[in-house]
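In: pasting the sequence and the predicted coordinates here, then a few questions.
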Amino acid sequence: MWKDWIRPLLRPSPQWSVVAVAPPQRAVSASLRWDGRSADVTADHTVASLRPLAIATSVDAGRVPVLEYHDAATGKLLGGLQLEKMASIAATQTSVVLYRVAAGGHRCLGWPQRSWNAWLQNRAIRKNRSPHGPGIEPAAAQQLMIAYLCPRPVVLVSVAAPAHCNIFPMDLIGPLERSGFFSLALRSTNVSVPVIRELRRVVLSSVPAAMKAAVYRLGEQHTHPLSGWNALPFPVRPSRRWGIPAVAAALRIRELAIVADREVGSHTFFLGRIDCDEDLAGGVQLHHTAGFHQAYRRRQGTPFAEVA
């Protein structure tokens with residue numbers, strides 16, 4: 001039937017693919033290029049804000065560098081982002097540089113499929129925009145997907161105070177290797193932001209891919225605190241030094257001492273240092289990557305394991 005032939009042409013690839021990856025991911029490398037120089041930033045760049053879309057790194061790459069993503073196995077250029085320097089954050093004798101994303105593109109799909117897929121995705125983004133507030137613009141959403149060519153791990157963040165307990169999922173996280181910082185970009189409307197600013201400590205649980213359903217249900221905790229740790233659908237255990245409840249089945253538990261924070265557009269960007277790191281188990285962690293990246297890897301015969 002002609003409908004069976006044309007239907008796939010009218011459906012964009014998913015914006016995001018939920019995949020299982022053994023950390024740290026080694027499938028994609030990232031590099032900054034500027035003024036004839038380059039630096040490997042695979043473990044030294046994170047998303048600092050969604051509006052405006054901003055990237056943080058501890059590499060000062062000048063005013064207008066390019067962030068490139070390559071397939072680590074083949075060296076193929078998968079995509080890139082054109083950056084513009086915004087500001088620097090000074091903290092404990094070092095600094096982190098913030099860059100606004102000015103433009104971007106990818107090569108995971110051929111032309112004209114690439115342009116057609118982006119048009120379909122942008123139409124869906126506009127159609128499904130939340131009525132409760134301004135969402136990310138389609139162009140920025142396309143650029144964000146490029147930033148996710150490096151699969152982003154998902155963690156559960158625990159916050160505990162005498163009158164406030166909470167746990168919620170995040171993937172706008174990551175190490176800034178050269179500075180020794182670990183960063184979190186948390187939407188400023190999150191109910192726990194004021195508590196984190198006051199306490200200056202959180203616990204990060206690296207969650208196994210099999211916990212996807214339970215992790216996603218905790219997305220609602222961004223808007224209201226947890227009623228109590230016994231309300232969780234999985235067991236918790238105290239973190240080693242601070243005794244903050246963490247996921248008992250976690251692959252890794254890190255206690256993060258916050259040393260600086262900055263409002264960057266829609267998000268509060270926290271910089272911390274790992275105070276205690278418990279590497280508990282091997283296995284695959286829940287990750288997110290761009291849908292067109294998974295489509296590319298599927299064509300190459302090397303797809304990530306998808307998590308249903």
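Out: Received it, and whenever you're ready, just let me know what you need.
In: what residues are up against residue 257?
Out: 200-201, 272-275 (Cβ atoms under 8 Å, 6 or more residues apart in numbering). Placement of C-beta: from N, CA and C, glycine included.
In: pull out the buried residues from those residues.
Out: 201, 272 (16 or more other Cβ atoms under 10 Å).
In: farthest-separated two in the contacts of residue 257?
Out: Of all pairs drawn from the contacts of residue 257, the greatest distance, 13.7 Å, lies between 200 and 274 (Cβ to Cβ).
In: residue ranges with poor pLDDT in this protein?
Out: 1-10, 129-134 (pLDDT under 70).
In: helices along the stretch 151-300 of the chain, start to end?
Out: 193-199, 212-217, 291-300 (DSSP state H, counting those that start in this stretch).
In: list the helices and strands the lengthiest helix in the chain packs on?
Out: Ranked by residue count, the top helix of the chain under DSSP state H comes out as helix 113-127. The contact analysis (3 or more Cβ pairs under 8 Å, 6 or more residues apart in numbering; DSSP states H and E) places helix 113-127 against helix 138-147.
In: show me what the helix it packs on is in contact with.
Out: By Cβ under 8 Å, 6+ apart, helix 138-147 touches 15-16, 47, 50-53, 55, 69, 79-81, 101, 103-106, 118, 121-122, 125-126, 136, 290-293.
In: okay, angle between it and helix 291-300 too, please.
Out: 40 degrees (axes from the mean of the first three to the mean of the last three Cα atoms, to 10 degrees).
In: closest to residue 172 out of the helices of the stretch 151-300 of the chain?
Out: The closest of the helices of the stretch 151-300 of the chain to residue 172 is helix 193-199. By Cβ to Cβ, the value is 13.2 Å.
In: now the contacts of helix 138-147: which count as buried?
Out: Buried among the contacts of helix 138-147 (16+ other Cβ under 10 Å): 15-16, 47, 50, 52-53, 55, 69, 79-81, 101, 104, 106, 118, 121-122, 125, 136, 290-293.
In: ends of stretch 231-238, how far apart?
Out: 16 Å (Cα to Cα, to the nearest Å).
In: quick one, strands of the stretch 201-308 of the chain?
Out: 201-206, 236-238, 245-247, 252-264, 267-279, 285-290, 305-306 (DSSP state E, counting those that start in this stretch).
In: could you dump the ones you listed to a markdown table with distance to residue 155?
Out: Listed next are the strands of the stretch 201-308 of the chain as a markdown table, based on distance: least, Cβ to Cβ, whole Å:
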| stretch | distance to residue 155 |
| --- | --- |
| strand 201-206 | 5 |
| strand 236-238 | 14 |
| strand 245-247 | 9 |
| strand 252-264 | 8 |
| strand 267-279 | 13 |
| strand 285-290 | 9 |
| strand 305-306 | 19 |
